[in-house]
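> Just the structure for this:
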Amino acid sequence: VVSDAFCFYPVFYRLAGGRVFVSNHPGAFAASGPAPEFNPGWLYELFYYSFPVGPTGLWKDVFRAPPATVTEIDPAAGSIVFHRYGGEYRQAERPLMEKQALERAVAVFESVMPKYYGDQGAVAHALTGGWDCRTLSGLIPAEAQDRVASYTYGRPGSHDLVEARRIATALGLPHREIPFDASYVERLPLLAHEAVFLAGGLENINRAYIPYVYNAVTAGGTEFPFVISGIGADAIFRGHVPTPNGLSYDMDAAYRTGRRTVNEEFFGAVFGDGYREFRAHIEGALDWFERTYNGFGSVDGYFQYEIFEGLPRYFNGECMIANHFAALRIPYLDPEVVRLACEIEYSVFKLWRFINDDIYRETYVQSALIETSPRLRSVPISGLPVRAFSCRNKTLYRLIRLAYKGPRKIAATALRRRRPALEDWEGWYRTVLAETFEELLGPSARLRRYLDGRFIDGIRRERSPHWLKLAAQAEIVMRLAENGWKRFWDSPLGR
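Prediction:
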């Protein structure tokens, strides 16, 4: 059994009854072989890490294969042997600096990008108003230009929709907008279930937009066999991973202090009488973490954790959902690009948010890449010309910022202009999803077998965004696990 370099498409295996079962989709094990038993460790890690890590699977005897590994399973002998084929990614002893670093970045991306477009097939290119997708769009190979169309999603009038339209126009790309309008909002309860289902339990309900967007972009899987996404650049080059979604509250605290952290008071309230079992499992999981990633004391260990655990776990669900519609391609997670982060000074190794808060330096690599596109470099970023960033002069940047944004900020404040956010989960939790939470997390919730009922009732009342989404995800997973991974709702996509 062979896993990819970072396990973005996870591989799960089971050795049972002298037979081996293998699948990318955890739900497949519910319908094959002896009936598997739900693994409480999966739930404990979901609440501690924000996702399960390491070998932990949804079922007690189903395990995730390690990244960059050939897993050899002998059903007759009952043995499992791991053969690692991928190397580690560590900071170079003498990372390239200044001009040499940027020249190296341009060379790597110009070498890597063409292979993601191949020589045939239409490509849908995700666009947002931020840096990551914008940068990749400027690197589309000339020979693939006539096969590429861009798309953006969000609430009508949101920043991403407006900015992506400008970028697509500048690049001459056919462009499609997928608005989160009334029709989308009406389907949110079913889409929340569908995201968890299609992802094999690897996705939470706040990613309900993913099946909706991929279905719309590909016309139900009939158009655009390939999709390019800007996933991953934040964590690799700019040292930013959102808390608690990408890096949980306790993991954030652990990296800040350099030692493992378990919030005993909080998790005691979460698990109640089951806290002892939770704590024992998490201590074992942290032992594994410290053996594998050398603890919490270095950015080097953090980088290993992010590329092999954090990023894959955060985006596993999207990869799994996308696979129902198209082949998702992620250039920022190409091994050569990840190795580039180890070779230059402008990456997480120097810009990790726990040791450096120089946000301006974080823009150097991507602004240098954007400068290679004559058409894209004319499109402002956050209202500023690209040269404000690519000049690599903070004083000049501040002067340009003052000249461009000063008058506009005054006008925007006076007129109270504000674009709507990309999504409105706070509002949707109170309105269209309120009934869903009551149905999922009410008195008959399976989750109450493991979590204290007072905690569940509390997050229902308070509409606590992070914990409520995890609780809803877990409840949907547990119900699917009970019925052989079959929907207990009508598909909102007609699939």
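
> So, low pLDDT: which residues of the chain?
Within the chain, the stretches with pLDDT under 70 are 406-417, 494-495.

> Which residue ranges of the stretch 101-250 of the chain form strands?
Along the stretch 101-250 of the chain, counting by DSSP state E, counting those that start in this stretch, strands occupy 123-126, 148-154, 175-179, 226-228.

> Quick one: list the elements packing against the third one.
Counting by 3 or more CB pairs under 8 Å, 6 or more residues apart in numbering; DSSP states H and E, the packing neighbours recorded for strand 175-179 are strand 148-154, helix 159-171, helix 209-217. Any C-beta I mention is one placed from the backbone N, CA and C, and that applies to glycine too.

> Let's have the ones you listed in JSON lines, adding distance to Gly129 and mean neighbour count.
Compiled in JSON lines, the helices and strands packed on strand 175-179 are given as follows (distance: least, CB to CB, whole Å; neighbours: other CB atoms under 10 Å):
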{"stretch": "strand 148-154", "distance to Gly129": "8", "mean neighbour count": "23"}
{"stretch": "helix 159-171", "distance to Gly129": "3", "mean neighbour count": "19"}
{"stretch": "helix 209-217", "distance to Gly129": "16", "mean neighbour count": "23"}
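
> coming back round to it: to Glu362, which of the strands of the stretch 101-250 of the chain lies closest?
Of all the strands of the stretch 101-250 of the chain, strand 123-126 sits nearest to Glu362, with 20.8 Å by CB to CB.

> List the buried residues of the helix or strand hosting Trp428.
Using DSSP states H and E, Trp428 sits within helix 425-430. Neighbour counts over helix 425-430 (16 or more other CB atoms under 10 Å) mark 425, 428-429 as buried.

> can you list those in JSON lines and add distance to Arg448?
Putting the buried residues of helix 425-430 into JSON lines (distance: CB to CB, whole Å) gives the following:
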{"residue": "Trp425", "distance to Arg448": "24"}
{"residue": "Trp428", "distance to Arg448": "24"}
{"residue": "Tyr429", "distance to Arg448": "20"}
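
> Tell me how far the helix holding Trp428 lies from the chain's centre.
21 Å (CA atoms, centre = their mean, to the nearest Å).

> Stretch 103-123 now?
The answer for stretch 103-123 is 22 Å, by CA atoms, centre = their mean.

> can you pull the contacts of the residue nearest to Asn245 when sequence neighbours are not counted?
Leaving aside its chain neighbours, Asn245 sits nearest to Ser50 (6.2 Å; criterion: CB to CB, 6 or more residues apart in numbering). Counting by CB atoms under 8 Å, 6 or more residues apart in numbering, Ser50 touches 244-248, 313-314, 470.

> Which of those fall within helices?
Taking DSSP state H, the ones among these that sit in helices are 313-314, 470.

> Dump these to CSV, plus neighbour count.
Formatted as CSV, the ones in helices among the contacts of Ser50 follow (neighbours: other CB atoms under 10 Å):
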residue, neighbour count
Arg313, 23
Tyr314, 23
Leu470, 23
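
> Out of those residues, flag the one nearest to Asp490.
Closest to Asp490, out of all of the ones in helices among the contacts of Ser50 and judged by CB to CB, is Leu470, at 24.6 Å.

> Need the distance between the two termini of stretch 31-39.
With CA to CA, to the nearest Å as the measure, stretch 31-39 spans 16 Å from end to end.

> quick one on the thing from earlier: following the helix holding Trp428 in sequence, what is the next regular element?
Downstream of helix 425-430 (by DSSP H and E), the next one is helix 434-441.

> so the next helix or strand after that following helix versus helix 434-441, what angle?
Next helix or strand after helix 434-441 toward the C-terminus (DSSP H and E): helix 453-462. Angle, helix 453-462 to helix 434-441, by axes from the mean of the first three to the mean of the last three CA atoms, to 10 degrees: 170 degrees.

> Give me the buried positions along helix 453-462.
Buried-residue list, helix 453-462, by 16+ other CB under 10 Å: 455-456, 459-460.

> helices or strands up against that helix?
Using 3+ CB pairs under 8 Å, 6+ apart, helix 453-462 is in contact with helix 264-271, helix 434-441, helix 465-482.

> what comes into contact with the first one?
This points to helix 264-271. 47-48, 275, 277-279, 450-452, 454-455, 467.

> try it again with 10 Å
40, 43-44, 47-48, 249-250, 262-263, 274-279, 282, 450-452, 454-456, 458-459, 467, 471 (CB atoms under 10 Å, 6 or more residues apart in numbering).

> Pull out the buried members of those.
40, 43-44, 47-48, 250, 262, 274, 278-279, 282, 450-452, 455-456, 459, 467, 471.

> Where do the helices of the stretch 201-350 of the chain begin and end?
209-217, 233, 249-257, 264-271, 275-293, 299-305, 311-322, 335-343, 348-351 (DSSP state H, counting those that start in this stretch).

> Need the helices and strands packed on helix 453-462 in CSV (columns: distance to Gln120).
Converted to CSV, the helices and strands packed on helix 453-462 look like this (distance: least, CB to CB, whole Å):
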stretch, distance to Gln120
helix 264-271, 51
helix 434-441, 42
helix 465-482, 37
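
> out of those helices, which comes closest to Leu136?
helix 465-482 (28.4 Å).

> Which positions within stretch 325-339 qualify as buried?
325-326, 328-335, 337-338.

> end to end, how far does it reach?
30 Å.

> cool, stretch 112-132 as well?
Termini of stretch 112-132 sit 16 Å apart (CA to CA).

> Please apply the same query to stretch 41-57.
8 Å.

> and it, which residues are buried?
Quick answer for stretch 41-57 (16+ other CB under 10 Å): 41-54, 56-57.

> Take these and keep only those in helices.
Per DSSP H, the subset of the buried residues of stretch 41-57 in helices is 41-49.

> now the residues you listed as CSV including distance to Val270?
Converted to CSV, those look like this (distance: CB to CB, whole Å):
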residue, distance to Val270
Gly41, 15
Trp42, 15
Leu43, 10
Tyr44, 10
Glu45, 13
Leu46, 11
Phe47, 6
Tyr48, 10
Tyr49, 14
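
> nearest to Gly157, of those?
Leu46 (34.5 Å).

> List the contacts of that closest one.
52-53, 56, 58, 201, 204, 248, 470-471, 473-474, 477.

> I'd like to know how far it sits from Gly272.
17 Å (CB to CB, to the nearest Å).

> try Glu482
From Glu482 to Gly272 the distance is 22 Å (CB to CB).

> what do you get for Thr135?
Taken as CB to CB, the span from Thr135 to Gly272 is 47 Å.

> Next: Tyr314.
Distance from Tyr314 to Gly272, by CB to CB: 28 Å.

> So which of the buried residues of stretch 325-339 is the closest to Tyr85?
Pro335 (11.4 Å).
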